[in-house]
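> here is my input; please provide its structure:
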Amino acid sequence: MWKNKLMLSIAINVVAAVFYLHADAYDPDPLQDFCVAVNDSNAAVFVNGRICKDPETVTADDFFHSGRLNRPGNITSPFGTKVTMVFINQLPGVNTLGVATARIDFAPGGVNPPHLHPRASEILVVLKGTLYAGFVTSNPSNPIDKNRLFAKILKPGDVFVFPKGLIHFQYNIGKSSAVALVGFNSQNPGVVTVSKAVFGSDPPVEPDALAKGFQLDVEVVRYLQSLPWTGNN
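The predicted structure is shown next:
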């Protein structure tokens, strides 16, 4: 029991640290106490973020999201993972605050495939299981030098940080399920799953361009483009 309480305490403190850093977040700093988001999908004007709800109609529920992160996610993806997000769409009170969080459930052998967040850095704490996690640097100045991989095997209580915009992954190398909690310094970090973006775009990228870019046979590229690619968000 005390181990479970310790893991929960570590997770809370890690995510709280991300929230505390919102003043240095990549999202614009708020110009008022809060700006609870409203559904502005039909608005005539688009803004960077979301339109603010009338402060007089704001309630505590606008800053509250109940129950999703204490329950295992329903893993149905081919990757063997489920990401349960609490972004601005789930919690409108984070609008303009530069924070978000998520839970990641891993089946044995499950992977959160190589992806990147264009608008946020990410901090991860393992709550259960054993993960192999890492990120790859941007291209070095010398084009023949290799991109560097920074990776570690993570166990419960371990923390790892993924810098903004860099390709990263998590892979469950254990024989049982795994759980991690992550925090972002953006209300809407965005997700680009590399495989889906490259081979599953609509319309598709010209196969010859990908064949040359990836140094593959063009028929291999066409086969990859024919697969039902999916994101993990």
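
> now stretch 91-109: average pLDDT?
Mean per-residue pLDDT for stretch 91-109: 95.

> next, the distance between the ends of that stretch.
End-to-end span of stretch 91-109 (C-alpha to C-alpha, to the nearest Å): 31 Å.

> show me how far it is from its chain's centre.
7 Å (C-alpha atoms, centre = their mean, to the nearest Å).

> check contacts around Leu116.
Gly165, Leu166, Ile167, His168, Val191, Val192, Val194 (C-beta atoms under 8 Å, 6 or more residues apart in numbering). All C-beta atoms are positioned from the backbone trio N, CA, C, and that covers glycine.

> same check, this time on Gly190
Gly190 touches His117, Pro118, Arg119, Ala120, counting by C-beta under 8 Å, 6+ apart.

> check Pro55 too.
The neighbours of Pro55, taking C-beta under 8 Å, 6+ apart as the test, are Gln32, Asp33, Phe34, Val36.

> would JSON lines of those with distance to Ile153, secondary structure and neighbour count be doable?
Listed next are the contacts of Pro55 as JSON lines, based on distance: C-beta to C-beta, whole Å; DSSP: H, G, I helix; E, B strand; the rest coil; neighbours: other C-beta atoms under 10 Å:
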{"residue": "Gln32", "distance to Ile153": "44", "secondary structure": "coil", "neighbour count": "8"}
{"residue": "Asp33", "distance to Ile153": "43", "secondary structure": "coil", "neighbour count": "7"}
{"residue": "Phe34", "distance to Ile153": "40", "secondary structure": "coil", "neighbour count": "17"}
{"residue": "Val36", "distance to Ile153": "41", "secondary structure": "coil", "neighbour count": "22"}
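
> from those residues, pick the one nearest Lys155.
Phe34 (37.5 Å; C-beta to C-beta).

> so how far is Arg50 from that closest one?
Using C-beta to C-beta, to the nearest Å, Phe34 is found at 12 Å from Arg50.

> so which residue of the protein lies furthest out from the middle?
Within the chain, the residue lying farthest from the chain centre (C-alpha atoms, centre = their mean) is Glu56, at 32.8 Å.

> any common contacting residues for Phe34 and Arg50?
Common neighbours of Phe34 and Arg50, counting by C-beta under 8 Å, 6+ apart, are Asn95.

> for beta bridges, what are the partners of Ala180?
Beta bridges link Ala180 to Ile104, Val126, judged by DSSP bridges.

> next, the contact list for it, please.
Ala180 touches Arg103, Ile104, Phe106, Leu124, Val125, Val126, Leu127, Leu131, Gln170, counting by C-beta under 8 Å, 6+ apart.

> okay, now the unreliable bits of the chain?
For the chain, the stretches with pLDDT under 70 are 1-26, 28-31, 40-46.

> helices of that one, start to end?
Counting by DSSP state H, the chain has helices at residues 2-20, 194-199, 207-214, 218-226.

> quick one: the contacts of Ala180 as a markdown table, columns for neighbour count and distance to Lys146 too.
Formatted as a markdown table, the contacts of Ala180 follow (neighbours: other C-beta atoms under 10 Å; distance: C-beta to C-beta, whole Å):
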| residue | neighbour count | distance to Lys146 |
| --- | --- | --- |
| Arg103 | 21 | 33 |
| Ile104 | 24 | 28 |
| Phe106 | 29 | 28 |
| Leu124 | 23 | 25 |
| Val125 | 22 | 29 |
| Val126 | 25 | 28 |
| Leu127 | 17 | 33 |
| Leu131 | 29 | 24 |
| Gln170 | 25 | 22 |
